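Trainee: just coords:
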């Protein structure tokens, strides 16, 4: 697979998939990375340096909020992220756009074309 093409695809949908994961439950960065890799079947094997700027941008845009929570026992506190109402609305808009985009690509490229 063309690595540049794959990178562009990931970059284009990263905000949407991160919003989805944060919408499911309050979560922290490392847990988001694990979910992306596992649920994305390895396609979203990201480095922290890729994820955290996305989280900061979403937070600066008011789509997510963060809070610190102490770990169990001696575990260090973790910064958790939770979705805002604006983030829920934006995620819905992204999903609608994605569905339309997916439909257009299927029509343009044809299902099962080789």
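Mentor: Yes, it's here. Everything numeric in this text was worked out from a predicted model, so none of it was measured.
Trainee: so where does the residue most central in space within the chain fall, helix or strand?
Mentor: Centroid-nearest residue in the chain, with Cα atoms, centre = their mean: residue 18, separated by 1.9 Å. Per DSSP states H and E, residue 18 falls inside helix 3-24.
Trainee: under the pLDDT cut-off, which ranges of the chain? List them.
Mentor: 1-2, 112-114 (pLDDT under 70).
Trainee: distance from the chain centre to the lengthiest helix in the chain, please.
Mentor: Counting by DSSP state H, the longest helix found in the chain is helix 85-109. Chain-centre distance of helix 85-109: 14 Å, with Cα atoms, centre = their mean, to the nearest Å.
Trainee: same question for stretch 59-68.
Mentor: With Cα atoms, centre = their mean, you get 14 Å for stretch 59-68.
Trainee: residues touching it, excluding its own?
Mentor: With contacts defined as Cβ atoms under 8 Å, 6 or more residues apart in numbering, stretch 59-68 is touched by 19, 22, 26, 55, 58, 77-84, 86-87, 90-91. (Each C-beta comes from the backbone N, C-alpha and C, glycine too.)
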